[in-house]
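Trainee: The following comprises the amino acid sequence and a computationally predicted model.
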Amino acid sequence: MRINELLAERANYNNWDHQESADYSKYLEKHFGSPDEFTNEQTVWHNIDGFKRVVCRDEYILHGSPAPHYDFVYCYVDLEVPEDMSDELAKCSGSILIDHLKNEVGARCGSLTANATTLNFVMDVVAGRTEASKDEYEKRILGMKAMFDNGEKYELDWWPDESGDADPENEYYKEGYITLEGTRCWKGYEKKGMKTMFGKRVPNCVKREHVDFCVNCHSLVLHESLNENLKKWFKDKWVRMGPGGKIRGSCGGKSKGEGKPKCLPLSKARSLGKKGRASAARRKRRKDPNPNRRGKAINVNTKKKKAKK
């Protein structure tokens, strides 16, 4: 069995960190078949849809030009670019990737359509059909997007678009997996209103609450963003306590008839003393009385706030 086949057996989209790039890779699989290479970091297709190579990576890179969006798919073509054009093309967009040793050019964006537009711009510059201008590049990208928004299909002579990626009626976009301006938040974050970035209105993405307590399932509810704090959580040895001030065990456990617990790191729980633990647990039950409530955690101060004079 080939090494690539062995790696593919172990690789799985469940090991990817970014749902958007995984969804797009699955979309490519639907139209072009299984990737030639599949790892827990990327999928690769060779010689498809007019491209030398298409790579979908497990990443979600914020890119602010010409409008806020996220990058995760790469497309390459064979093209010899004169070295004296490299700097000017680099000024046009960070999405243009030139490899003089391989005589190939790549484009990185959030769709095949955007990459084809970028590569077509480079082809025109090399052929002398247009100047290496940032304004010209952005005009083409925004023009492509305007056609999409107006229900028109963007087309290029050399790009067959076999997946219908540029078609506004494409089921992938209609189902809302992604948008060209990146209106979704990345993994572990959630949308809390909007903000201005790069002169555009984009989602205000904030970290999700890390931990909640589920009495019915006798366990902690660990949200996606917990990975980075998981080690610290267990190192701190969080424990639960009742209104009598007794430490009843690990936070996440539950005895029969036990009500809503108050959870704290073991060191802090011990420092409070029995009386302090009892007071904290009673305060927790007053503010969050339902032991079967699920959802976002209700944080209650361990110690009673002093009244302002």
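Mentor: Alright, I've got the coordinates.
Trainee: Tell me where this protein is predicted with low confidence.
Mentor: Low-confidence regions of the chain, defined by pLDDT under 70, span residues 1-10, 174-191, 193-203, 205-236, 252-257, 292-298, 303-309.
Trainee: which residues are contacting the top helix by length along it?
Mentor: Ranked by residue count, the top helix of the chain under DSSP state H comes out as helix 266-287. Residues outside helix 266-287 that contact it (CB atoms under 8 Å, 6 or more residues apart in numbering) are 236-239, 241-247, 259-262, 264, 298, 300-304. Just so you know, the C-beta spots here come from the backbone N, C-alpha and C atoms, and that holds for glycine as well.
Trainee: Could you rerun that using 6 Å?
Mentor: 237, 239, 241, 242, 243, 244, 245, 247, 260, 262, 300, 302 (CB atoms under 6 Å, 6 or more residues apart in numbering).
Trainee: quick one: residue 245 is in a strand?
Mentor: No. Checked against DSSP: H, G, I helix; E, B strand; the rest coil, residue 245 lies outside a strand; its state is coil.
Trainee: and it, what does it touch?
Mentor: So residue 245 contacts 274, 277, 278 (CB under 6 Å, 6+ apart).
Trainee: can you map out the helices along the stretch 51-200 of the chain?
Mentor: 83-92, 112-126, 134-149, 171-174 (DSSP state H, counting those that start in this stretch).
Trainee: quick one: the longest one to helix 83-92, angle?
Mentor: Think helix 134-149. Per axes from the mean of the first three to the mean of the last three CA atoms, to 10 degrees, the angle that helix 134-149 makes with helix 83-92 is 60 degrees.
Trainee: okay, helix 134-149 in PDB with CA atoms only?
Mentor: Taking C-alpha atoms only, helix 134-149 is exported to PDB below (Å, rounded to 0.1, in the frame of the first residue of the first chain):
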ATOM      1  CA  LYS A 134      -3.100  47.200  -6.500                       C
ATOM      2  CA  ASP A 135      -6.000  49.200  -7.700                       C
ATOM      3  CA  GLU A 136      -6.400  47.100 -10.800                       C
ATOM      4  CA  TYR A 137      -6.200  43.900  -8.800                       C
ATOM      5  CA  GLU A 138      -8.700  45.000  -6.200                       C
ATOM      6  CA  LYS A 139     -11.100  46.300  -9.000                       C
ATOM      7  CA  ARG A 140     -11.100  42.800 -10.500                       C
ATOM      8  CA  ILE A 141     -11.700  41.000  -7.200                       C
ATOM      9  CA  LEU A 142     -14.500  43.400  -6.300                       C
ATOM     10  CA  GLY A 143     -15.900  43.100  -9.800                       C
ATOM     11  CA  MET A 144     -16.000  39.300  -9.400                       C
ATOM     12  CA  LYS A 145     -17.800  39.600  -6.100                       C
ATOM     13  CA  ALA A 146     -20.300  42.200  -7.500                       C
ATOM     14  CA  MET A 147     -21.200  39.700 -10.200                       C
ATOM     15  CA  PHE A 148     -21.800  37.000  -7.700                       C
ATOM     16  CA  ASP A 149     -23.900  39.300  -5.500                       C
END
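Trainee: how distant is that helix from the center of its chain?
Mentor: What separates the centre of helix 134-149 from the centre of its chain is 24 Å, taken as CA atoms, centre = their mean, to the nearest Å.
Trainee: residue ranges for the strands of the stretch 1-150 of the chain, please.
Mentor: 37-38, 42-48, 51-63, 69-78, 96-99, 104-109 (DSSP state E, counting those that start in this stretch).
Trainee: nope, the stretch 151-300 of the chain is what I meant
Mentor: Counting by DSSP E, counting those that start in this stretch, the stretch 151-300 of the chain has strands at residues 189-197, 200-207, 211-214, 219-222, 238-241, 247-250, 262-265.
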